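Novice: Predicted model, plus sequence, below.
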Amino acid sequence: MVLFKNMSRLILQIIAGILGIFLATNFVSGVNLEIVPGQPSLFGIEFGSGWQILILVGGCLGLMNFFIKPVLKFITLPLRALTFGLFTLAINMFLVWVADVLFPELSIQGIIPLFWRDEKIFDFPVLEIEKFYQEELKIK
């Protein structure tokens, strides 16, 4: 049962990453996701369509949130305690910045779009999905 719970949490993180990138590119000015012609992506794959890039970038962001974010949250526990959890915002912004650096197709101009993408678009759907998942499906 624990494996099923962790696997479903991983799938939810990937879906939330894809949804977050999709919403950010459509509603936050300064966040763009576009095909770079003639230049392969991170894994040497050339893309012909925007949805392929969206799934790759959002999927990698979801994987980073599942595997790297808990480690960063543990390491920065004293800072998060001092700031009453506000340092988690810096961790989230850092992970989105890493995705921006890894993928030339994703461009975020400045720190303000990074903040809005991170705070308003990514965290709220993840919290709502997890709350629904825990309350309605009652997986223990």
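Specialist: The structure has been received and is ready for your questions. Numbering: from 1, shown residues only.

Novice: Excluding sequence neighbours, find me the nearest residue to I14.
Specialist: G62 (3.5 Å; Cβ to Cβ, 6 or more residues apart in numbering). The C-beta positions use only the backbone N, C-alpha and C, and glycine is treated the same way.

Novice: residues in contact with that neighbour?
Specialist: L10, Q13, I14, I15, A16, G17, I18 (Cβ atoms under 8 Å, 6 or more residues apart in numbering).

Novice: Pretty sure the last one sits against I55.
Specialist: Yes - under the contact definition of Cβ atoms under 8 Å, I18 touches I55, with a separation of 6.0 Å.

Novice: Of the two, give the one with the bigger neighbour count.
Specialist: I18 (20 against 17; other Cβ atoms under 10 Å).

Novice: The closest residue to the more buried one other than its chain neighbours and I45, how far apart?
Specialist: Leaving aside its sequence neighbours, I18 sits nearest to G58 (Cβ to Cβ, 6+ apart; 3.1 Å). Per Cβ to Cβ, to the nearest Å, G58 is found 15 Å from I45.

Novice: And those two? Which one has more around it.
Specialist: Neighbours of G58 and I45, each counted by other Cβ under 10 Å, are more numerous for G58; the result is 23 against 10.

Novice: Understood, closing this out.
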